Every structure is written in structure tokens, then in C-alpha cells.
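1. Next come a sequence and a model predicted from it.
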Amino acid sequence: MNNEISETFINPEYGGSELSIMYEFYEQGTLCDVTIFAGEERFYTHRLVLAISCKYFRDQIIENPDIIDFEIAVDDETFQKILKFFYKGNIQLDLDSVQRLILAAELLELNVLFDVCCKFLAKHLSADNISDIQTFAETNSLNYLIDEVNKYDEQEISDEISGEENCLQLELEDIVNRLQTSKENISSTDSFEEVVQWISDDSERKQHLPSLLKLMDMTSMSFSVYKSIKITNEIVSPPKTHKIMVVGGKHDPIASYVDVYDPDTESWLETKVMNLKRTDFGVVQLQNYIIVIGGKRARKALNEVVGVHLDTMEASALLPMETNRKHLCVSSILDQDRVIR
């Protein structure tokens, strides 16, 4: 979160100059008669200040007037701020610590501080922190914050719909200007979708699509965008995609498993097995082969290099390395004129 955002809350119920004098005593360790254990620290303070400022402590002191020690489930940094709030009547709120303050205020029954902290957090909801605050609110059953998060989401949806409607009214020059000036603030996928919405609203605009596409970084766009927007079928061909191969990793020293993910179908293909007795090997794909390099067998590092055909999973020994290796990284430098035979 942005720790530069902060506000000072002044307690309207603050006791005034008498408590301010008590803060001087607190700093000097004068007349302190109770110890509070919070986090990794202990705080020597005044039971009278605790009783005046906090219902949680007041109830315990009234029930047991001789109590001299308290142990609370609040971290020391947060309690330091709260204790100073008792004495001085003000507290600094910031996005980095306000969630801890909310939980501490709820535990200590500091209702005024609790409400102020929740409102501070709701006031500074943004696209960057909405997910984190929603999780925090739902985990701790903070109904006010949950409602504020829902209101924020509804407003964002409303603004997005309004923005889409406004986009449809733009002229070609306006769209070009938006693409040229917003590259740093708008992703290629968002720009692409905006252009497609604009073109879809008027069939005559389709002729402008090729020139608009040149203003966008098509290489950074997700493949799903191409698949989901039919208007581009005659003009834009989906990029060539590569399957993702996962080799090894299962605890089986006799066989190594090969799993392949296909982005086109968004599915995992049938698992294949390489019957190679080794672990901790390096692997690289060259054309239709998996090249398995080194590894270990029976605790001994290997220099073996094996080519495994992706279709048949048949293994063929290749020229071994000059040194035995395990736990290795492998990379390929492709020569388009070379073909594995």
C-alpha cells in the first residue's frame, strides 16, 4: 500500500491537559504502577490513564483493583501508538498500519478509534488495494468495510460502462490520439478491446482496424483476446502458440513423467512416460525430441545424454558429456539448418 497517505485523528473525548502531564510522567517512568506486555515489549504505564481511556482495561481494573500486569494480543508497535493516543489524544493513521490498528481497537473496545480507522481505510480504497482490503474485511467480518468495498466495485463497473459508451462516440482521430498517448497507462489488451468495441459500433469503421493495430504492441497481448473477438478473424491471425512441457518432478526414480499444456484448448494433454532411471537431470526440447542431459542414478552423477522422441517416447543415446553432472540448468541455441536424425 502507499505509505505516503496519512491523517492525524484527534480524539474529541480527550481528557485534556491533565493527561498531557501524565504523558510526561510516562516518558520519565514516574509513578507508573502497571505493566503491559504486548508483542516483544513491556510498557510501564498508569492504571488511571488506562481506566479513563479504555473500557477493556477499565473493566479489568474494576474487577481486580490489585492487578499490576496485563498481557494483550497486540503487536508492540501498534500498542505503542495506542498508548500514546491514550495520553495525548491524537494518533497518526496511515495505510501501512491501519489494519493492525483496526484489529487492536476492536480487541480493546476502542469504538471511536475503530470507526475512524475503518472510515480512513474506506476513504482510500483504490484499484491497487481493493483486493487486499476486501480479504481483510471478509476475514475479520468487518461489515462496514465489506459494504464500502461493494460500493466501490459497483461504482467502478458503472464508470467502466460509462467509459465504454463514451468511447463509441469518438472520431477516428480521437481513437488514434488515445492509442498514441496512453501506451504507459493502458495495457495492449485493454486498448485492443476498446478499438474492437469502437469498430463494432459502426461497420464502416472496420476499414480502419489495420492502421489502428499498428499503433499497439500486439506481441504483449494475451492469446485469449484473439480467440474471443471474432471481428478480427479476416484481418488478424492469432499468434503461433507453443505448448508448455513439464518434465520430471514426480518422486519416481525409475520413470520421468512428461505433461504438456495446450494454450489453444486450455487443457493438459495425456501424460507420457520416459523410462529413464535417473533423477536431477537437465532437459531441453529440440524439434521433436526431449534431450535429457546428465542427472544422477544410485547417487552417482551421470554424463549421459539421451534423445527421447516426443511421439514415440523412444530413447536414443547421444554423445555423452566429458564430465558427470547433476542438478544442472540447460539452454538451447537453435540452428534452423540443423535437424536431429
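-> That came in fine, so what should we check first? The structure displayed is predicted, hence computed values, not measured ones.
2. Tell me, domain by domain, which residues of the chain belong where.
-> According to the domain assignment given by automatic domain parsing, the chain is divided into the following structural domains: 6-124, 170-232, 244-318.
3. Tell me how far R42 lies from E27.
-> Per C-beta to C-beta, to the nearest Å, R42 is found 16 Å from E27. In short, each C-beta sits where N, CA and C put it, glycine included.
4. Who has more neighbours out of those two?
-> Just comparing R42 and E27: by other C-beta atoms under 10 Å the higher neighbour count belongs to R42, 14 against 10.
5. wait, E148 sits on F120?
-> No: applying C-beta atoms under 8 Å, one finds E148 not in contact with F120, separated by 11.1 Å.
6. Low-confidence stretches in the stretch 51-200 of the chain?
-> Under the criterion of pLDDT under 70, the regions of the stretch 51-200 of the chain flagged as low confidence span 156-166, 181-190.
7. show me where it has strands.
-> Read by DSSP state E, counting those that start in this stretch, the stretch 51-200 of the chain holds these strands, from start to end of the chain: 69-72, 90-94.
8. Tell me which of these sits nearest to E7.
-> Proximity of the strands of the stretch 51-200 of the chain to E7 was assessed by C-beta to C-beta; the nearest stretch is strand 90-94, lying at 5.0 Å.
9. what does that closest one contact?
-> Counting by C-beta atoms under 8 Å, 6 or more residues apart in numbering, the neighbours of strand 90-94 from elsewhere in the structure are 3, 5-11, 14, 81-82, 84-85, 101, 113, 116-117, 120.
10. what's the answer for stretch 39-50, then?
-> Among residues not part of stretch 39-50, those counted as contacts by C-beta under 8 Å, 6+ apart are 19, 22, 25-26, 29, 31-37, 57-58, 61, 67, 74-77, 79-80, 83, 86-87.
11. Helix or strand: which one has the spatially closest residue to V292 that is not a sequence neighbour?
-> In space, and not counting its chain neighbours, V292 is closest to V306: 4.6 Å by C-beta to C-beta, 6 or more residues apart in numbering. In this assignment (DSSP states H and E), V306 forms part of strand 305-309.
12. and that strand, which residues are buried?
-> Residues of strand 305-309 classed as buried under the neighbour-count rule (16 or more other C-beta atoms under 10 Å) are 305-308.
13. List the buried residues for the very next helix or strand once past it?
-> For strand 305-309, the succeeding helix or strand toward the C-terminus, using DSSP H and E, is strand 315-318. Neighbour-count burial for strand 315-318, with 16+ other C-beta under 10 Å as criterion, is recorded at A315.
14. Dump strand 315-318 to CSV, keeping only the CA atoms.
-> Included here for strand 315-318 are C-alpha records, laid out as CSV according to Å, rounded to 0.1, in the frame of the first residue of the first chain:
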residue,chain,number,x,y,z
ALA,A,315,15.1,-43.1,-26.3
SER,A,316,18.4,-42.9,-28.2
ALA,A,317,21.8,-42.4,-26.7
LEU,A,318,23.7,-39.3,-27.9
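15. Mind listing residues that contact it?
-> Applying C-beta under 8 Å, 6+ apart, the contact partners of strand 315-318 are 274-276, 291-292, 304-309.
16. export those residues to CSV and tack on pLDDT and distance to A317?
-> Supplementary listing: the contacts of strand 315-318 in CSV, determined by pLDDT from 0 to 100; distance: C-beta to C-beta, whole Å:
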residue, pLDDT, distance to A317
M274, 76, 13
N275, 72, 14
L276, 75, 11
I291, 88, 12
V292, 87, 10
E304, 89, 7
V305, 89, 7
V306, 88, 6
G307, 87, 8
V308, 85, 11
H309, 85, 13
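17. In TSV: those residues, plus distance to E109.
-> Below are those laid out as TSV (distance: C-beta to C-beta, whole Å):
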residue	distance to E109
M274	64
N275	67
L276	65
I291	66
V292	64
E304	70
V305	70
V306	69
G307	71
V308	67
H309	71
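18. L170: which of those residues is nearest?
-> I291 (52.8 Å).
19. May I have the secondary structure class of the closest one?
-> Per DSSP: H, G, I helix; E, B strand; the rest coil, the secondary structure class of I291 is strand.
20. Quick check: the gap between it and R278.
-> 13 Å.
21. between the two, which one's more packed in?
-> Legend: neighbour count by other C-beta under 10 Å for I291 and R278, higher for R278 (22 against 19).
22. In this structure the more buried one contacts K300, no?
-> No: with contact taken as C-beta under 8 Å, R278 and K300 are classed as non-touching, separated by 9.8 Å.
23. ok, the nearest residue in space to L170 that is not next to it in sequence to L179 distance?
-> Distances taken as C-beta to C-beta, 6+ apart place W198 nearest to L170, at 6.6 Å, with adjacent residues excluded. Summarising the geometry, the distance separating W198 from L179, computed by C-beta to C-beta, is 11 Å.
24. same deal with V149?
-> Here the distance between V149 and L179 works out to 32 Å (C-beta to C-beta).
25. show me the contacts for the residue nearest to I293 when sequence neighbours are not counted.
-> Excluding the flanking residues, the one nearest I293 by C-beta to C-beta, 6+ apart is G282, at 4.4 Å. With contacts defined as C-beta under 8 Å, 6+ apart, G282 is in contact with 292-295, 325, 328-330.
26. Just the buried ones out of those, please.
-> In terms of neighbour count (16+ other C-beta under 10 Å), the buried residues within those are 292-295, 325.
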